[in-house]
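In: A structural model of the following input is requested.
(one chain, ligands or ions: 1)
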Amino acid sequence: MPDLHRVCPLSELPEGEVRSVEVHDRVVAVFHHQGNYFAVDDFCPHQGASLSGGHVENGCVTCPWHAWRFHLADGAWADNPKLKIRCYGIVQKDGDLFLELSPPANTNPI
Ligand code: FES
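Out: As a prediction, this is how the structure comes out:
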C-alpha cells in the first residue's frame, strides 16, 4: 500500500506553477508542467538550492544558483543522466493531488 501525502487541491496548482511541500524529513517540489504533474526532491545536490525556485522548460528544471538541469520525469541530471535526484509518483484523487512516497520512482538518487 503506497504512502500518500496530500499536496493540495488540483485547482491550487495551475499549469506552470510549482509548490514546495514538507513531508517527513524532506521537502518535495511538485511541478505542473505541460499538462503533467511531477515531484522531485526540492534540494539541489550541488550546493542545496531550492529547485522549486528554478526555471522549467522542456521537461527540465534549471537550478536557480548554478544552472544544473534535472529532468522532471525521472530526476536525471541533464549533464550526466546516471546521476539522479529522487522523484516521486503523483496521484490525482477526488480533486486533490497526492504524493506517492513509496516506493520511490527511481532507485539510485544522488
Ligand atoms: S546549487 Fe544547484 S547548481 Fe549549484
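
In: my read is Ser52 is in a helix, agree?
Out: Yes. Under DSSP: H, G, I helix; E, B strand; the rest coil, Ser52 falls within a helix.

In: Can you report how many residues neighbour it?
Out: Ser52: 21 surrounding residues under other C-beta atoms under 10 Å. C-beta: built from backbone N, CA, C; applies to glycine.

In: Could you number the chain from 36 rather than 1 from now on?
Out: I'll keep to 36 as the first residue from here, and by that count the last item is Ser87.

In: didn't it look like it was pressed against Ala64?
Out: Yes. The criterion here is C-beta atoms under 8 Å, and Ser87 meets it with Ala64 at 3.8 Å.

In: shared neighbours, these two?
Out: 53-55, 77 (C-beta atoms under 8 Å, 6 or more residues apart in numbering).

In: Output these in CSV; the columns should cover pLDDT, secondary structure and distance to Asp114.
Out: Supplementary listing: the shared contacts of Ser87 and Ala64 in CSV, determined by pLDDT from 0 to 100; DSSP: H, G, I helix; E, B strand; the rest coil; distance: C-beta to C-beta, whole Å:
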residue, pLDDT, secondary structure, distance to Asp114
Val53, 98, strand, 22
Arg54, 97, strand, 26
Ser55, 96, strand, 24
Asp77, 98, coil, 20
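
In: how about the residues of the chain near the ligand?
Out: Proximity of the chain to the ligand, by C-beta under 6 Å from any ligand atom, involves residues 79, 81-84, 98, 100-101, 103.

In: In strands, which of those residues fall?
Out: Of these, none are assigned to strands by DSSP state E.

In: Looks to me like Pro49 is in a helix.
Out: No. Applying three-state DSSP, one finds Pro49 to be coil, outside a helix.

In: what comes up buried for stretch 73-91?
Out: Within stretch 73-91, the residues that count as buried by 16 or more other C-beta atoms under 10 Å are 73-80, 84-87, 89, 91.

In: Good, we can wrap up now.
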